[in-house]
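Trainee: Quick one: sequence and predicted model below, then my questions.
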Amino acid sequence: MIKVFIPRYRTVDEPNKKAHTVYEIDVYVSGKLHKFDERYRAFLQLHKKVATLKKHLLNTPKFPPKQLTKLDTRDLEIRRKGLENYFQALLQLSPTPTPLLLFLGIPLPSVSNVTYEVDWRAEPISHQHVVIFKPEYFSAPLNSDDMPDIVVKGVLMGLYEVENENVIYHSNGCENEKLTDH
């Protein structure tokens with residue numbers, strides 16, 4: 001599962017260069033976070049690539065337009081939100097456009113040369129315990145041997161005052177007197 005957020009933007013002012021705005025991109029792939037910054041023109045190039053793919057089949061979402069005037073903080077926030085919505089809409093497309101995956105730095109799935117080699121250092125394997133109940137367990141007849149059911153005996157002793165310690169409660173609900181050797 002891929003999620004993309006653009007939480008903020010910032011102005012970069014480098015010496016001997018014109019100040020420009022970069023947008024911070026947070027990409028979550030299977031729960032792992034990857035962050036990077038991009039300028040608006042990189043987003044525009046991505047949009048042009050995506051728009052050319054199967055143009056008659058693919059409805060590309062609305063892309064925030066380029067403005068010729070200087071942007072204020074309100075305009076930058078509107079553009080940031082528009083870019084984030086654009087990415088969310090692109091991720092809803094099936095299949096996910098290849099230029100988008102490349103832009104986000106997500107490796108493309110390989111169809112040929114499939115290998116089953118596992119890098120054991122990459123991530124520890126976790127196991128899930130499985131509990132299985134046989135469907136016929138509760139429909140099976142109760143065991144009719146003379147083994148006492150100590151759980152039932154303990155519960156009954158806790159709930160009721162048992163005057164006779166020699167009474168044994170069996171799982172079938174019967175009471176038997178304990179036979180003692182004299």
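Mentor: Yep, that arrived.
Trainee: drop to CA atoms for contacts and neighbour counts, all remaining ones
Mentor: Fine.
Trainee: tell me which residues in stretch 85-100 are buried?
Mentor: 85-88, 90-91, 97, 99-100 (16 or more other CA atoms under 10 Å).
Trainee: sorry, that was for stretch 31-51
Mentor: 40, 43-44, 47, 50-51.
Trainee: Switch these over to CSV; also include pLDDT.
Mentor: Conversion of the buried residues of stretch 31-51 to CSV gives the following (pLDDT from 0 to 100):
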residue, pLDDT
40, 92
43, 93
44, 93
47, 89
50, 86
51, 83
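Trainee: For residue 88, which non-adjacent residue is spatially closest?
Mentor: residue 4 (6.8 Å; CA to CA, 6 or more residues apart in numbering).
Trainee: Show me what counts as buried in the strand or helix carrying that neighbour.
Mentor: Using DSSP states H and E, residue 4 maps to strand 2-12. Judged by neighbour count (16+ other CA under 10 Å), strand 2-12 contains these buried residues: 2, 4-6, 9.
Trainee: picking up where we left off before, report the separation between the residue nearest to residue 88 and residue 18.
Mentor: Remark: distance between residue 4 and residue 18 (CA to CA, to the nearest Å) = 28 Å.
Trainee: what residue ranges in the chain score low on pLDDT?
Mentor: 54-60, 68, 110-148, 161-182 (pLDDT under 70).
Trainee: run the last query once more with 80
Mentor: 53-61, 68-71, 94, 108-150, 152-182 (pLDDT under 80).
Trainee: which helix is the longest one in it?
Mentor: Selection of the longest helix in the chain by residue count, based on DSSP state H, yields helix 73-92.
Trainee: Keeping just the C-alphas, turn that one into PDB.
Mentor: The C-alpha trace of helix 73-92 is given here as PDB (Å, rounded to 0.1, in the frame of the first residue of the first chain):
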ATOM      1  CA  THR A  73       1.600  32.000   1.600                       C
ATOM      2  CA  ARG A  74      -2.100  31.500   0.800                       C
ATOM      3  CA  ASP A  75      -1.400  30.600  -2.800                       C
ATOM      4  CA  LEU A  76       1.400  28.200  -1.800                       C
ATOM      5  CA  GLU A  77      -0.900  26.500   0.800                       C
ATOM      6  CA  ILE A  78      -3.600  26.000  -1.900                       C
ATOM      7  CA  ARG A  79      -1.000  24.600  -4.300                       C
ATOM      8  CA  ARG A  80       0.400  22.300  -1.600                       C
ATOM      9  CA  LYS A  81      -3.100  20.900  -0.900                       C
ATOM     10  CA  GLY A  82      -3.800  20.600  -4.600                       C
ATOM     11  CA  LEU A  83      -0.600  18.600  -5.200                       C
ATOM     12  CA  GLU A  84      -1.400  16.300  -2.300                       C
ATOM     13  CA  ASN A  85      -4.900  15.700  -3.700                       C
ATOM     14  CA  TYR A  86      -3.400  15.100  -7.100                       C
ATOM     15  CA  PHE A  87      -1.200  12.400  -5.700                       C
ATOM     16  CA  GLN A  88      -4.000  10.800  -3.800                       C
ATOM     17  CA  ALA A  89      -6.100  10.700  -7.000                       C
ATOM     18  CA  LEU A  90      -3.200   9.200  -9.000                       C
ATOM     19  CA  LEU A  91      -2.700   6.500  -6.400                       C
ATOM     20  CA  GLN A  92      -6.400   5.500  -6.800                       C
END
